[in-house]
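> show me how the following folds:
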Amino acid sequence: MMALGALPGLIVGAVVLTLLILLAVHLDAIAAWMTPFANGWDELWRNAVRVAVGLALFVFAILLAVSTFTALTLAVGDPFYERIWLAVEKRLGGFQPAELGFWPSVRRGIASGLKLVSLSLLIAIAVFAVGLIPLVGGVLAFTLGALGGGWLVATELLGRPLDGRNLPPGEQAALRRRNRARVLGFGVSVYLVFLLPLAAVIATPSAVAGATVLARRLLEGASGEGQGSDGLRRRLP
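Sure, this is the predicted structure:
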């Protein structure tokens, strides 16, 4: 299961690395295309402006790759991660989820991946803006990125086992809010591990398994505290 779950990360990583290399190779031409107003300038100032634009573009591309890597990996790997989820449910016992099938799983992965990528871009823009604050901007930006990114990652990973129990999106959101600390603790931990080079390739299968266990515990807690409806209790293992 670990080897199977590592494939999506390797695929996305190879594509992202290839795109970054292509960008680096053609960076001079792209910078010149973006600064036509500098064509008539003195060579020193023209080169300085285009080097600055090229550097800013490449840094932005790296930040974009980092912020969207997790979302892209989860989108591409949904059929693989579904098998890991089913394997964990089978090992823990007491629940027989219905498999989505390959193509429904692909459609689910693309839809959730696009949503996750869009939200990740918004968080990245907010983090960039906060990072401009003098002195404390760096710390605040990192904290905001970890909390926002962790919540998104946890929401996506928990969606698979909760969807498998036919839990409506509204009830899923309520369940996450009632257990905000546990969900954030899990999501931020996963997010921070994913920041390490190549760690997402290895850690994503474990994160899928961990989310499956966490979803079961959240449902058990909701039922045990009397917060769950009869329908929710019937979804328990």
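
> contact partners for the residue located most distally from the centre of the chain?
Using Cα atoms, centre = their mean, the residue of the chain lying farthest from its centre is Asp42. It sits 44.8 Å away. For Asp42, the contact set (Cβ atoms under 8 Å, 6 or more residues apart in numbering) is empty. Where C-beta positions appear, they are placed from N, C-alpha and C, glycine not excepted.

> and if we set it to 10 Å?
Ala48 (Cβ atoms under 10 Å, 6 or more residues apart in numbering).

> and the gap between it and Val49?
Remark: distance between Asp42 and Val49 (Cβ to Cβ, to the nearest Å) = 11 Å.

> how about Ile11: what's its closest non-neighbour residue?
Val76 (6.1 Å; Cβ to Cβ, 6 or more residues apart in numbering).

> do the same with Thr70
The shortest distance from Thr70 to any non-neighbouring residue, by Cβ to Cβ, 6+ apart, is to Phe194 (5.5 Å).

> which residues of the protein score low on pLDDT?
Applying pLDDT under 70 to the chain flags residues 67, 97-110, 112-113, 224-237.

> so where do the helices sit in it?
Ranges of helices within the chain are 2-25, 27-34, 43-76, 78-92, 102-131, 137-163, 169-178, 180-194, 199-224, 230-233, based on DSSP state H.

> redo those as a markdown table? Include mean neighbour count.
Below are those laid out as a markdown table (neighbours: other Cβ atoms under 10 Å):
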| stretch | mean neighbour count |
| --- | --- |
| helix 2-25 | 15 |
| helix 27-34 | 15 |
| helix 43-76 | 17 |
| helix 78-92 | 19 |
| helix 102-131 | 16 |
| helix 137-163 | 20 |
| helix 169-178 | 14 |
| helix 180-194 | 18 |
| helix 199-224 | 20 |
| helix 230-233 | 13 |
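
> before we move on, the earlier item: go ahead and confirm the residue nearest to Ile11 touches Gly9.
Yes - Val76 lies in contact with Gly9 (Cβ atoms under 10 Å); the separation is 8.7 Å.

> run a quick neighbour tally on Gly77.
When neighbours are counted by other Cβ atoms under 10 Å, Gly77 registers 26.
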